[in-house]
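Q: Here is a sequence together with a model predicted from it:
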Amino acid sequence: MKFNQAVALWALWACCTLAHGATVSLDLRASALVRGKDVTLADLAVIEGADARQRQALAVTRVGAAPLAGYAEEFGRAAIEAVVLARQVGAGLTLDWRGANSVVVRRAVGLVTSSDLVNVARKSLETRFAHQYGELELTPVGAMADVQVAEGRLELRPRETGAPLRSRVMVWVDVLVDGALYRTVALPFQARAWSTVALARRALPADATVDTGDFRPARREVQALAGQPAAMPAPSQHWRLRTAVGEGEVLLREQLLAAGAVRRGDRVRLQVNAGAIRIESAAVAQEDGVAGGEVRVLPAGGEAAVKARVIGTNLVAIDEN
């Protein structure tokens with residue numbers, strides 16, 4: 001009985017010793033193709049021996065970062081061994097390194113076609129500018145190359161710059177893989193845009209009050225204009241010009257005064273409200289102002305300017321409490 005017990009104890013000790021000091025074979029490959037952003041030991045070597053749990057622990061050990069798509073990186077045996085020892089995933093195991101002295105690693109690549117990039121960039125421009133122009137023509141400039149990227153969840157995200165449309169416009173498209181920026185591609189376009197605009201029938205001076213009879217509608221290429229073209233006025237609509245408009249010139253929004261605005265030098269009606277009493281007199285605006293804002297005005301016969309609130313075309317008011 002004692003003999004059998006001794007044999008059993010010896011067998012148990014032997015099994016534990018063998019398991020603790022089990023040999024794991026790590027056969028390094030000469031080259032490897034990885035698909036994720038990390039390089040693991042399983043990417044670099046064939047792992048054999050020990051038990052499944054131990055092999056799995058070694059397999060998922062991160063050795064380094066994967067190279068960019070289209071590039072290669074060499075992982076030497078000594079560096080790989082150092083990482084495994086530092087992470088202590090092989091503690092208690094005998095590691096038998098075999099195979100190549102280094103592994104050349106490349107990253108699996110995906111491809112973003114030039115047509116995909118152009119379509120995303122064009123759609124971005126159309127979304128930004130189609131509502132401003134009646135017709136928009138966008139032509140890519142030069143040959144667009146396909147772009148190699150790492151494999152993963154791909155997203156193409158055009159940048160919003162807020163810049164106005166010009167004859168030549170650049171769209172920057174960020175290429176993201178798994179939510180992270182991988183690279184940015186610049187795509188130039190030749191842009192042409194047409195709209196129906198208002199052309200002055202005659203020369204119109206600054207401060208003139210104009211209506212639909214002073215303009216004629218015409219289709220013009222407008223992306224090279226100095227500003228945004230104004231739409232034709234409705235038959236009953238009257239405008240006031242901030243600046244002069246030459247005969248045959250396109251009327252721009254920037255050349256129009258806002259509704260209810262006054263300009264420096266305008267003769268205005270000045271209302272002074274004191275409770276139920278209202279006194280009205282004439283005054284001259286000393287500065288430009290818009291409805292709801294304050295301007296300085298010089299009352300008729302007065303020597304000093306006073307502040308008044310603009311409440312309408314050629315109408316300002318002072319409210320006294």
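A: Nice, thanks for sending it over.
Q: Mind exporting the C-alpha coordinates of the helix or strand containing V149 to PDB?
A: V149 is part of strand 147-150, with elements assigned from DSSP states H and E. Only the C-alpha atoms of strand 147-150 are listed here, as PDB (Å, rounded to 0.1, in the frame of the first residue of the first chain):
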ATOM      1  CA  VAL A 147      -5.900  55.200 -52.600                       C
ATOM      2  CA  GLN A 148      -4.700  52.200 -50.700                       C
ATOM      3  CA  VAL A 149      -5.900  51.900 -47.100                       C
ATOM      4  CA  ALA A 150      -5.700  49.400 -44.300                       C
END
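Q: Beyond it, next helix or strand please.
A: Trace forward from strand 147-150 with DSSP H and E and the next one is strand 154-158.
Q: That next one: how far from the chain's middle?
A: Remark: strand 154-158 is offset 10 Å from the chain centroid, using Cα atoms, centre = their mean, to the nearest Å.
Q: what's the angle from the next helix-or-strand element following it to strand 154-158?
A: Once the chain leaves strand 154-158, the next helix or strand it forms, by DSSP H and E, is strand 168-177. Angle of strand 168-177 versus strand 154-158, following axes from the mean of the first three to the mean of the last three Cα atoms, to 10 degrees, is 150 degrees.
Q: strands paired with the strand holding V149, and their directions?
A: strand 109-112 (antiparallel) (DSSP bridges).
Q: what residues does the strand it pairs with touch?
A: Outside strand 109-112, the residues that touch it by Cβ atoms under 8 Å, 6 or more residues apart in numbering are 69-70, 146-152, 154, 156, 175, 177. C-betas here are computed from N, CA, C, even on glycine.
Q: And for stretch 231-243?
A: Around stretch 231-243, the neighbours that count as contacts under Cβ under 8 Å, 6+ apart are 196, 198, 204-212, 215, 217, 254-257, 261, 263.
Q: Looking at the residues you listed, which are in strands?
A: Using DSSP state E, the members of the contacts of stretch 231-243 that fall in strands are T196, A198, T209, V210, D211, F215, P217.
Q: Return the members of these classed as buried.
A: The neighbour-count criterion (16 or more other Cβ atoms under 10 Å) marks A198, V210, F215 among the ones in strands among the contacts of stretch 231-243 as buried.
Q: Tell me the secondary structure of V118, please.
A: Of the three states, V118 takes helix according to DSSP: H, G, I helix; E, B strand; the rest coil.
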